[in-house]
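Enquirer: how would this look folded up:
(one chain, ligands or ions: 2)
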Amino acid sequence: MTSTKNFSRWADSASARPTLIDGFGRRIDYVRFSVTDRCDFRCVYCMSEQMTFVPRAQILTLEELAELGWAFVELGVHKIRITGGEPLVRQNVLWLFQRLGQLRDYGLKELVLTTNGSQLARLAADLKAAGVARLNISLDSLDPARFRRITRNGDLATVLGGIQAAQSAGFQHIKLNVVILKNRNHDEVVDLVRFAIDKGLDISFIEEMPLGQIGDHDRAEAYYSSDAIHADLTQVFTLTPTTETTGGPARYYRIPDTDSRIGFISPHSHNFCEDCNRVRVSAEGRLLLCLGQENSSDLKSTLRVYPGDRERLKQTIISAMVFKPRGHDFQLDGQPVILRHMNHTGG
Ligand code: SAM
Ligand code: SF4
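Expert: Ligands and ions are numbered 1, 2, ... in the order given. Model (predicted):
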């Protein structure tokens, strides 16, 4: 780690607000918090059937997560995504959304959430009131039996009810996240896009990433590229490329005369690291500098050894920026080099 004296080097002193800049000159203005590693689903690409979860005492408290939110926003971060595990199964998580929602008066532009949708019927209206701007909802199949097989224990009707509840609560530009696996759901891409158009939703197709041992399928065999999905869709729809962005790695297309955007997140076929603007905090309080590398910094120690010392916390974050690698190194063949699962990482 660099010495305390050098910390300010990584903050942009020229601008009025501090700015996080990594060693490759990329501005970091987006952070994702995984608020729990637990989940009510066991999606085959994300978890193994028997998961060992982190003991609760090792998970950041909601107060620690709120403190982190304040520190990042004071460092110029203007987008926070809450994810997991399934964030909405965490007890009292609404309190965190309400606290982070207050940061909109202090520079936070977007508080957003990624969820599997299972708890939205119960929580959508409160999340909207807390200031959550947009939702990403995972939906890999429209067939109940297949949905159950992919999530291992998810209930499609509950998730569809959650999407409906979110729309009724006033959420707009909801985006569906779909992980496509060959011979599992690749034949549903057209139906999923039709569903998105019908409901006025955006939709993004994600290539599976080799995070953690999953034991269910061979990832190389299940690989179905974004280009293959694009080709399948163009049999039915006209896809017009657009430069629109949601500040992430997705490449977007529009279908004329519809409101839906079709996105592709392609870590294998179209590497997106060059413009990376984000870091993640795991449920255990590790600042993960790259989705596909192990480089990290321990924020939980700083939070627990020096409670309330926000300046020290900010300095720990700033000094970690130099360890952000140039990019991931995902390989489809062989063992995953990243042993943590996506639920730890915070997808
Ligand atoms: N539980 C929530 C959900 O499923 O939306 C939030 C956490 S989940 C880890 C976030 C996103 O990561 C989901 O869209 C999920 O499909 C995606 N994901 C999980 N494991 C993945 C993997 N190995 N490769 C690509 N995407 C993955
Ligand atoms: Fe749970 Fe989301 Fe992982 Fe599925 S992708 S097991 S819903 S954390």
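
Enquirer: Around ligand 1, which positions in the stretch 51-200 of the chain sit nearby?
Expert: Taking C-beta under 6 Å from any ligand atom as the contact definition, the stretch 51-200 of the chain meets ligand 1 at 83-84, 86, 114-116, 138, 177, 179. Using the backbone N, CA and C atoms, a C-beta is placed for each residue, glycine as well.

Enquirer: can you narrow these to ones near ligand 2?
Expert: Among these, the ones lying near ligand 2 by C-beta under 6 Å from any ligand atom are 84, 86, 116, 138.

Enquirer: what would those look like in TSV with secondary structure?
Expert: Rendered in TSV, the data for these read as follows (DSSP: H, G, I helix; E, B strand; the rest coil):
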residue	secondary structure
G84	coil
E86	coil
N116	coil
S138	strand
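
Enquirer: Tabulate those residues in TSV, adding columns for neighbour count and pLDDT.
Expert: Listed next are these as TSV, based on neighbours: other C-beta atoms under 10 Å; pLDDT from 0 to 100:
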residue	neighbour count	pLDDT
G84	28	95
E86	23	98
N116	27	98
S138	24	98
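
Enquirer: Which helix or strand in the chain has the lowest average pLDDT?
Expert: The helix or strand of the chain with the poorest confidence is helix 342-345; it has a mean of 62 (mean pLDDT, DSSP states H and E).

Enquirer: circling back to that earlier point, for the residues of the stretch 51-200 of the chain next to ligand 1, which one is nearest A220?
Expert: Sorting these by how near they are to A220, with C-beta to C-beta, puts V179 at the top with 15.2 Å.

Enquirer: Was I right to think that closest one contacts Y45?
Expert: Yes: the pair V179 / Y45 is scored as a contact, 5.4 Å apart, by C-beta atoms under 8 Å.

Enquirer: Identify the contacts common to these two.
Expert: Residues touching both V179 and Y45 by C-beta atoms under 8 Å, 6 or more residues apart in numbering: E208.

Enquirer: Which stretches in the stretch 201-347 of the chain count as helices?
Expert: Using DSSP state H, counting those that start in this stretch, the helices of the stretch 201-347 of the chain run over 219-222, 226-234, 299-305, 310-320, 342-345.

Enquirer: Show me which residues of the second one are buried.
Expert: Looking back up the chat, that one is helix 226-234. For helix 226-234, the neighbour count (16 or more other C-beta atoms under 10 Å) marks 226, 228-230, 232-233 as buried.
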